[in-house]
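Peer 1: Got a predicted structure here, sequence first:
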Amino acid sequence: MYNVLIADDEMIMRESLTEMVDWGSLNCRVVCSAGNGAEAWEYIRKNPVDIAILDIRMPGISGMELCNLMCEEGLNTQIIILTAYSDYNLMRNALQMHVCDYVMKSSFEAELPDAIRRALARLNAAAQPGGAKEDVLQPDPRYSEPVNQVIAYLRLNYSKHISVKEIAGMVYLNQNYLCRLYKSQTGRTIIQDLTRYRLSKAKQLLERGATVQQAAVECGFENAAYFTQVFYKNEGVNPGSHRKNCTKEK
C-alpha cells in the first residue's frame, strides 16, 4: 500500500479527508494526519510518504513552504495541494514546483480520488525504466517564466472562456510573440494544450458518470455538439460511448 500524509489546520477537514475517501480501494493508507506544517515536516523527514495532501495555507509552515522543503530534499513524494481559494498566483507557484495536482476543498470528494490516481500513475511511471512520462499540461523548468505562467493559468481557468489575447495581456507580452514562444518551447500551440487539458478533465467527469452536456459545460466547451466533435476527433470515439464503456467496467 501507498503511504499518504494529510496536513490541514482544520480538524474537521482532516477527519473528512480520512473518513470520506475510500483509501483501501486506491491501495493507499493514511499514515499521518498533521494539524500543521511543522508536524507534517517532522513526520516526512523520518518516515516514507508517497503522497502528501497539503493545505496551501497553514500557520507556521504553510503548504507552499512544505513543497519547497520537499523539493530541496529531493523527495519523490507526490504533492497534492488542498485549497479553499481560487488564487491564480498561488496555483501558479505551486505548479511550477512540480506539484502533482490541486484540489478545491469544496469538491474534494469528487476531485481527490482522481488526483490520487494521477499521483500513483506518476509514482509508478517513475519506477519504470525510462522514468515518468510528462502529464498533460505540466510546467517544466526548461520553459521560460511566461510559458509556465500560461500553463498555470490554463490549468486554473480551463472551465472558463479563454482567449489568447487575454492570456497575452496577463503575461504582458505581444500576442503573436507569445504564441511563437509557447510553440517553440512546448511543440504545441496554446489552444492545442488548452483543448488537450479540457478533454482530459472531461474524460474524468464522464468516467464518474457525468452527462455529455455536464462535461461540456464544466470543461469550457461552447456546447455539447462542439464538445462531441472535438472529443471524437481526438479520442476516436464520441463522449457518450466513452461514458458508457467506462461505467460498464465499474
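Peer 2: Structure received. Source: prediction; values computed, not measured.
Peer 1: Name the spans of this structure whose pLDDT lies under the cut-off.
Peer 2: In the prediction, the chain carries residues with pLDDT under 70 at positions 85-98, 125-135, 247-250.
Peer 1: And the helices in it?
Peer 2: Using DSSP state H, the helices of the chain run over 11-20, 37-46, 63-73, 88-96, 108-127, 145-157, 164-170, 175-186, 190-207, 212-218, 224-235, 239-249.
Peer 1: okay if I get those helices as JSON lines plus mean neighbour count and distance to residue 138?
Peer 2: Heads up, the C-betas are built off the backbone N, CA and C, glycines and all. Output for the helices of the chain, formatted as JSON lines (neighbours: other Cβ atoms under 10 Å; distance: least, Cβ to Cβ, whole Å):
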{"stretch": "helix 11-20", "mean neighbour count": "14", "distance to residue 138": "24"}
{"stretch": "helix 37-46", "mean neighbour count": "18", "distance to residue 138": "23"}
{"stretch": "helix 63-73", "mean neighbour count": "18", "distance to residue 138": "15"}
{"stretch": "helix 88-96", "mean neighbour count": "19", "distance to residue 138": "8"}
{"stretch": "helix 108-127", "mean neighbour count": "17", "distance to residue 138": "10"}
{"stretch": "helix 145-157", "mean neighbour count": "20", "distance to residue 138": "7"}
{"stretch": "helix 164-170", "mean neighbour count": "15", "distance to residue 138": "17"}
{"stretch": "helix 175-186", "mean neighbour count": "16", "distance to residue 138": "10"}
{"stretch": "helix 190-207", "mean neighbour count": "20", "distance to residue 138": "10"}
{"stretch": "helix 212-218", "mean neighbour count": "19", "distance to residue 138": "21"}
{"stretch": "helix 224-235", "mean neighbour count": "16", "distance to residue 138": "19"}
{"stretch": "helix 239-249", "mean neighbour count": "14", "distance to residue 138": "23"}
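Peer 1: Nearest the geometric middle of the protein, what residue?
Peer 2: residue 101 (2.8 Å; Cα atoms, centre = their mean).
Peer 1: Surely that residue touches residue 120?
Peer 2: No. Using Cβ atoms under 8 Å, residue 101 is not in contact with residue 120, being 11.4 Å away.
Peer 1: backbone phi and psi for residue 22, please?
Peer 2: The phi and psi torsions at residue 22 (degrees, to the nearest 10) take the values phi -80, psi 80.
Peer 1: For it, which residues are in contact?
Peer 2: residue 113 (Cβ atoms under 8 Å, 6 or more residues apart in numbering).
Peer 1: what about the nearest residue to residue 84 once chain neighbours are set aside, distance to residue 83?
Peer 2: On the basis of Cβ to Cβ, 6 or more residues apart in numbering, the spatially nearest residue to residue 84 that is not a chain neighbour turns out to be residue 105, at 4.6 Å. From residue 105 across to residue 83, the span is 7 Å (Cβ to Cβ, to the nearest Å).
Peer 1: Now the common contact residues for these two.
Peer 2: By Cβ under 8 Å, 6+ apart, no residue touches both residue 105 and residue 83.
Peer 1: give the contact list for the residue nearest to residue 84.
Peer 2: 13, 82-84.
Peer 1: Tell me which entries of these lie within strands.
Peer 2: 82-83 (DSSP state E).
Peer 1: And the contacts of residue 105, which two are furthest apart?
Peer 2: The most widely separated members of these, counting by Cβ to Cβ, are 13 and 83 (11.2 Å).
Peer 1: Would you mind grabbing the residues shared as contacts by the two?
Peer 2: Common neighbours of residue 13 and residue 83 (Cβ under 8 Å, 6+ apart) are 55, 105.
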